[in-house]
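**Q** Quick one, structure for this:
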Amino acid sequence: MISIVIPTYNEEKNITACLQSLSSQSVPRDTYEIIVVDGNSTDKTRELAEPLADAVFIQKRSRVGGARNDGAEAASGEIIATTDADCILPPRWIETIQRNFERDEIVQLYGPVYPIEDGIRHKISLWLANNFARIGYHTRTIYFTLGCNTAFDREAFIRAGMYRCIDAGDDLEIALRMRKIGRVKFDPHLRVGFSMRRYQQFGTLKSLYEWAYIVAKGGETAGSEYSKRIYR
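**A** Residues are numbered from 1 along each chain as shown. The predicted structure is shown next:
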């Protein structure tokens, strides 16, 4: 059993497409569960999610990392996979996760992303990000994991302390702790459709600058308007 945890907040425009992509996987539906952890949305996110998910509830902890932790604690699967409400999951996403954990002794798995929206700038931005992730992985200098496309051995994830409830960089920080427990693997075939909406709204350079600044400050900040709206 694989448990997919999806944090949400006012995602009524995106959640249905995300959950429908998860409902159209190449593996039987009874081999995985979908858990939606909502940040007390004021729109129809929970109402739209309930027919397509196995569990929908309001998060108790703060931040996106806290929502993922809430979902992990409610999960029944031996593997915890995380993604975002504005992502599209290819049909073999869960199958690829299963195959990796069956074949290799790993505690964490992650992969690249591709843009859902059209535009050469988006393609170039994510091409650079994906190559940065590949170089970091193969040189063992940084594990550029993304919360929208990662999976954990549940027991190891809990033993490592799960996600930190911080504004940004929680997905990078957890990999540092997971690698002390076991092997962290990058699979280029584990691809996820990633929404560039935030970069369109705030600008790519400003978004990356804000993210890097928050990470450098240890993941927590008093919060610019950007960080408040992105990391709630």
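
**Q** ok, longest helix in the chain?
**A** helix 120-139 (DSSP state H).

**Q** Listing partners with orientation, what would you give for the next helix or strand after that helix?
**A** Counting by DSSP states H and E, the element after helix 120-139 in chain order, helix or strand, is strand 150-153. Partners of strand 150-153 in the sheet, by DSSP bridges, are strand 79-82 (antiparallel), strand 108-110 (antiparallel).

**Q** Turn these into a markdown table, columns for mean pLDDT, mean neighbour count and distance to Asp54.
**A** Just so you know, the C-beta spots here come from the backbone N, C-alpha and C atoms, and that holds for glycine as well. Formatted as a markdown table, these follow (pLDDT from 0 to 100; neighbours: other C-beta atoms under 10 Å; distance: least, C-beta to C-beta, whole Å):
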| stretch | mean pLDDT | mean neighbour count | distance to Asp54 |
| --- | --- | --- | --- |
| strand 79-82 | 98 | 26 | 13 |
| strand 108-110 | 97 | 25 | 22 |
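
**Q** Could you dump the ones you listed into TSV and include distance to Lys185?
**A** TSV is the format used below for these (distance: least, C-beta to C-beta, whole Å):
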stretch	distance to Lys185
strand 79-82	13
strand 108-110	5
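
**Q** how about those, which one is nearest Asp70?
**A** Each of the strands paired with strand 150-153 was scored for nearness to Asp70 using C-beta to C-beta, and the closest is strand 79-82 (11.7 Å).

**Q** So which residues of the protein form helices?
**A** Under the criterion DSSP H, the chain contains helices at 15-22, 45-49, 63-74, 93-103, 120-139, 154-160, 170-178, 197-202, 204-216, 225-231.

**Q** The fourth one vs helix 15-22, what angle?
**A** Going by axes from the mean of the first three to the mean of the last three C-alpha atoms, to 10 degrees, helix 93-103 is angled at 50 degrees with respect to helix 15-22.

**Q** Helix 93-103: how far from the chain's middle?
**A** 16 Å (C-alpha atoms, centre = their mean, to the nearest Å).

**Q** One more: the shortest one?
**A** Chain-centre distance of helix 45-49: 19 Å, with C-alpha atoms, centre = their mean.

**Q** residues of it that come out buried?
**A** Across helix 45-49, burial judged by 16 or more other C-beta atoms under 10 Å covers Thr45, Arg46, Leu48, Ala49.

**Q** ok, now stretch 161-172?
**A** Met162, Tyr163, Arg164, Cys165, Ile166, Asp167, Ala168, Gly169, Asp170, Asp171, Leu172.

**Q** okay, now Phe132: neighbour count?
**A** By other C-beta atoms under 10 Å, 12 other residues sit near Phe132.

**Q** show me the contacts for it.
**A** Phe144 (C-beta atoms under 8 Å, 6 or more residues apart in numbering).

**Q** All set now, cheers.
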